[in-house]
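K.L.:
Attaching a predicted model along with its sequence, questions to come.
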Amino acid sequence: MDIYRKEGIRGINKGVNAVAIRQTTNWGSRFGLSRLAESAIRKITGKEESDRLSGLEKIIASGLGGGLSAWNQPIEVIRVEMQSKTVDPNRPKNLTVGKTLKYIYSSNGLKGLYRGVTPRIGLGIWQTICMVALGDMAKESIEKLTGDKVTAKH
């Protein structure tokens, strides 16, 4: 409530633009990169598009997709900085995504934009394996169990 009293609705929504950018790129990247990795695995193994990938191949593809989805880590760093209460005389007032990007880059360079990327890669890997690979496996199991084709596809 203190934030709302001091800064109003703008204070509560600090960094919301960065959150929106990250969220729209995050899972889209995970699914897209996982499917791209699946295509590469099919090509390497000589499988056709209609051929089923093994569980291990699905896990590898999802792990790659999840790890590579950390490309957008700078957006996460920008969001955290925009929501931070850190007092720094060099930090611009009324941060926007662009001002925050410029501030982080001028203070810490490219390395600053990728702060925390290693744990984020690990997080992306396991979350994507659970959601994409295991989701596909669950879908296949439901189809076998019910005899009906699941129509949802990512």
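P.N.:
Good, I have the coordinates.
K.L.:
buried stuff in the lengthiest helix in the chain?
P.N.:
Taking DSSP state H as the criterion, the chain has its longest helix at helix 16-45. By neighbour count, with 16 or more other CB atoms under 10 Å as the criterion, the buried positions of helix 16-45 are 17-19, 21-22, 26, 29-31, 33-34, 37-38, 41-42. No exception for glycine: its C-beta is placed from N, CA and C like everyone else's.
K.L.:
Centroid-nearest residue for the protein?
P.N.:
Among the residues of the chain, N26 comes closest to the average C-alpha position under CA atoms, centre = their mean, at 2.9 Å.
K.L.:
Assess the claim that that residue and N72 are in contact.
P.N.:
Yes: counting by CB atoms under 8 Å, N26 touches N72, with 6.4 Å between them.
K.L.:
In this protein, what residue spans correspond to helices?
P.N.:
Ranges of helices within the chain are 2-12, 16-45, 55-68, 73-83, 97-113, 117-128, 134-146, based on DSSP H.
K.L.:
Go through the ones you listed and name the closest to P89.
P.N.:
Relative to P89, the nearest member of the helices of the chain by CB to CB is helix 97-113, separated by 11.9 Å.
K.L.:
Dump the closest one to CSV, restricted to CA.
P.N.:
Only the C-alpha atoms of helix 97-113 are listed here, as CSV (Å, rounded to 0.1, in the frame of the first residue of the first chain):
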residue,chain,number,x,y,z
VAL,A,97,12.5,0.8,-21.2
GLY,A,98,14.8,2.8,-23.4
LYS,A,99,16.3,4.9,-20.6
THR,A,100,16.8,1.9,-18.5
LEU,A,101,18.6,0.0,-21.3
LYS,A,102,20.9,3.0,-21.9
TYR,A,103,21.6,3.3,-18.1
ILE,A,104,22.5,-0.3,-17.7
TYR,A,105,24.6,-0.4,-20.8
SER,A,106,26.5,2.8,-20.0
SER,A,107,27.1,1.5,-16.4
ASN,A,108,27.9,-2.1,-17.1
GLY,A,109,28.1,-2.7,-20.8
LEU,A,110,26.7,-5.8,-22.6
LYS,A,111,27.7,-7.9,-19.6
GLY,A,112,25.3,-5.9,-17.4
LEU,A,113,22.4,-6.7,-19.7
